[in-house]
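# heads up, no residue letters with this:
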């Protein structure tokens, strides 16, 4: 019997890259684990979550796409040969370009496979069209659009996050709408928070629900969704009243604070932003607001770690503007233990080779938050006629599922590349089966808060007739007359071998280690600017942090990070419950949504407070209906004190599964979310109101 452990990593869109080992026995993957050994303080293990460990269950999932499928004359998907499917895809691409122009083709991609050298997922498909024609492409970040816009507006740039190890210097850590226990954002985030807490740091969770990250925290402060800027204003009011504002930092490092101060103290609108004012809006008792203000006044250094959920709301930009402003007011920036409350992503700056792109760029773009609306309005010229979808469960991941479904159904042809028969694949005219991380080799970079590099090796054989994205796109390229340009005559293994023959420093070190860490001196964001703003100004108009912004006003935002009330309910509906749609701890967006093993561990539930459940006659574990003007979903209820009254929670990513009446049976959250966007174009999936009803 032959047996070996083979290193690899997964490329799920979770904000982490972790050390995985596949135990291959007689050519068959029988176990997934992680590297052994202790967790030293300076180099803790990159420990994977259940999603990474559960990938072996993908190999036998009944929704795995093993062969190509094509829609028959009767409208049903039937199995097809690779030659027939690839010939049909190429023929349709040529037909649409000749009849309507290349702009009538929409390339829609996602983060279903990322971090590699260009062989898989979105990059493989984008390279195909870059060598062939300028098509329409979907663009825009659904995860942190508003937060990124705020960084560019207030700081003049995207700023890489502090290394997580700097949290060890924190005396106060505030997880503000941040749930690292579920969403990860670096495999070591929880590790360092725990260590900091063991060393005496106090950890506070500000969130409408007591997420699993509550296990890391000393205090939970539940507030109403979308009211975070009001809480910040109340805190700053108290700090101003006590004389606890870091005036020196504001005067030397920030611009426009006096305008925000005027708003907070009520001089600009005759409404002082007292704790009582903030309490009425947020639902947080006055004494808890005063307590939190006391912590910010007395405890240094403090790290404010905002999540991305709160900025996915109608006025989501105000959340991140308020976070950065609070850090300025308290002087918690540019020092170890005082993390910049920015987007939270560390840009990976390793100098690595990637597959070359061609000369064609997008002829036009459609935003990921509103592509369906753009198609359905009928104003595009030329109209979209063909969708080429890769590494994206497009229907599931986009807001307003029914609008997305109708938009795709209006097209002549939909082509989907995916390892699984997702809800999007079921709508396709041609489905091309793709392999998974387990079934291919690549060199993969970390992201989130990491600066790591992985030699990810193939640990399982590809089942049936599934192929890699690279192979599929190369075959289509061959039929389009650009095969040799796309591949340069090389397979992925040959590309990797060629790069290693003249390696970069990173690849040379990777060959020796398997996992390469850039663990040198700890990075503290904006350290140079905070130490000497005169010598290291920011790339903003003032060279400082822009608290008051005319550019924001031009976008329809307030000039300062003030609280703006969202429209609470559609006037015609008067729906009473605000819906949160966070990430699920056992899915990466909709990735793993079809993994039966993980669904057995923790399936889809609607979280609801006992007070709201009792008023509606709801019983824990029993199915309920959740509805608004956009759709209806069914799922079991989880009646729990871990969510505040007036708010319900339905994690996003469950695979859309409507019955004959159009009622989704899976609890797919985006059935209920709208196509509305923020003033700068971010999605608003947390500005949704619903009613919940008992369903027997």
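That came in fine, so what should we check first? These numbers come from a predicted model, not from an experiment. Residues are numbered from 1 along each chain as shown.
# Distance from stretch 504-524 to the middle of the chain?
Here stretch 504-524 shows a centroid-to-chain-centroid distance of 26 Å under the convention Cα atoms, centre = their mean, to the nearest Å.
# What mean pLDDT does that stretch get?
The pLDDT scores in stretch 504-524 average 77.
# mind listing what's buried in that stretch?
Buried residues in stretch 504-524, counted by 16 or more other Cβ atoms under 10 Å: 506, 507, 510, 514, 515, 516, 518, 523, 524. Backbone N, C-alpha and C define where each C-beta goes, glycine included.
# ok, these vs residue 228, which is closest?
Distance to residue 228 across the buried residues of stretch 504-524 (Cβ to Cβ) is lowest for residue 524, with 24.8 Å.
# residue ranges of the helices in the stretch 501-650 of the chain, please?
In the stretch 501-650 of the chain, the helices defined using DSSP state H, counting those that start in this stretch lie at 505-513, 527-531, 550-554, 596-601, 610-616.
# ok, and for the fourth one, which residues are buried?
Translated: helix 596-601. Result for helix 596-601 [16+ other Cβ under 10 Å]: buried residues 597, 598, 599.
# With the third one instead?
Along helix 550-554, the positions that meet the burial threshold by neighbour count (16+ other Cβ under 10 Å) are 551, 552.
# Tell me who's in contact with residue 414.
Counting by Cβ atoms under 8 Å, 6 or more residues apart in numbering, residue 414 makes contact with 386, 387, 389, 408, 427, 428, 429, 430.
# can you put the buried residues of stretch 504-524 in TSV and add distance to residue 565?
Compiled in TSV, the buried residues of stretch 504-524 are given as follows (distance: Cβ to Cβ, whole Å):
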residue	distance to residue 565
506	49
507	53
510	51
514	52
515	48
516	49
518	44
523	38
524	36
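# closest to residue 695 among these?
Comparing these against residue 695 with Cβ to Cβ places residue 515 closest, at 48.6 Å.
# Would you mind confirming that that closest one is in contact with residue 456?
No: judged on Cβ atoms under 8 Å, residue 515 makes no contact with residue 456 at a distance of 9.7 Å.
# What is the burial count for the nearest residue to residue 272 once chain neighbours are set aside?
Nearest non-adjacent residue to residue 272, counting by Cβ to Cβ, 6 or more residues apart in numbering: residue 266, 3.4 Å away. A total of 14 residues lie near residue 266 under the criterion other Cβ atoms under 10 Å.
# picking that back up, okay if I get the contacts of residue 414 as a markdown table plus neighbour count?
Shown next, in a markdown table, are the contacts of residue 414 (neighbours: other Cβ atoms under 10 Å):
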| residue | neighbour count |
| --- | --- |
| 386 | 23 |
| 387 | 26 |
| 389 | 27 |
| 408 | 23 |
| 427 | 22 |
| 428 | 23 |
| 429 | 21 |
| 430 | 23 |
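# Nearest to residue 280 among those residues?
Residue 280 lies nearest to residue 408 out of these, by Cβ to Cβ, at 44.4 Å.
# of all the contacts of residue 414, which comes closest to residue 161?
Using Cβ to Cβ, those come closest to residue 161 at residue 389, 31.0 Å.
# Look at that closest one and report its pLDDT.
Looking at residue 389, its pLDDT stands at 98.
# and what of residue 351?
pLDDT, the model's per-residue confidence, is 77 for residue 351.
# got a list of what it touches?
Neighbour list for residue 351: 504, 505, 506 [criterion: Cβ under 8 Å, 6+ apart].
# Closest one of these to residue 482?
Using Cβ to Cβ, the contacts of residue 351 come closest to residue 482 at residue 504, 28.1 Å.
# List the residues that contact the spatially closest residue to residue 579 that is not a sequence neighbour.
Residue nearest to residue 579 in three dimensions, not counting chain neighbours: residue 688, with 4.3 Å by Cβ to Cβ, 6+ apart. Contact analysis of residue 688 by Cβ under 8 Å, 6+ apart lists 578, 579, 581, 628, 672, 673, 674.
# pLDDT-wise, which helix or strand of the protein ranks last?
Within the chain, no helix or strand scores below helix 505-513, which has a mean of 75 by mean pLDDT, DSSP states H and E.
# Now do the buried residues in stretch 451-458.
Applying a neighbour-count criterion of 16+ other Cβ under 10 Å, one finds 451, 452, 453, 454, 455, 456, 457, 458 buried in stretch 451-458.
# could the residues you listed be laid out in TSV, adding distance to residue 438 and pLDDT?
Shown next, in TSV, are the buried residues of stretch 451-458 (distance: Cβ to Cβ, whole Å; pLDDT from 0 to 100):
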residue	distance to residue 438	pLDDT
451	25	73
452	19	82
453	19	87
454	14	89
455	15	90
456	10	91
457	10	92
458	7	94
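# In JSON lines: those, plus secondary structure.
Shown next, in JSON lines, are the buried residues of stretch 451-458 (DSSP: H, G, I helix; E, B strand; the rest coil):
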{"residue": "451", "secondary structure": "coil"}
{"residue": "452", "secondary structure": "strand"}
{"residue": "453", "secondary structure": "strand"}
{"residue": "454", "secondary structure": "strand"}
{"residue": "455", "secondary structure": "strand"}
{"residue": "456", "secondary structure": "strand"}
{"residue": "457", "secondary structure": "coil"}
{"residue": "458", "secondary structure": "coil"}
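# and which of the residues you listed is nearest to residue 80?
Of all those, residue 80 sits closest to residue 458, with 26.3 Å by Cβ to Cβ.
# Would you mind measuring from residue 369 to residue 135?
To residue 135, residue 369 is 20 Å away according to Cβ to Cβ, to the nearest Å.
# circling back to that earlier point, name the residues contacting each of residue 515 and residue 456.
residue 7.
# Could you pull up the residues touching the spatially most central residue of the chain?
Nearest to the mean C-alpha position of the chain, by Cα atoms, centre = their mean, lies residue 143 at 3.8 Å. By Cβ under 8 Å, 6+ apart, the contact set of residue 143 is residue 308.
# what separates it from residue 94, distance-wise?
Separation of residue 143 from residue 94 (Cβ to Cβ) stands at 35 Å.
# Tell me which residues touch the closest residue to residue 695 other than its chain neighbours, please.
Spatial nearest neighbour of residue 695, chain neighbours left out: residue 625 (4.5 Å); criterion: Cβ to Cβ, 6+ apart. For residue 625, the contacting residues are 632, 633, 634, 663, 692, 693, 694, 695, by Cβ under 8 Å, 6+ apart.
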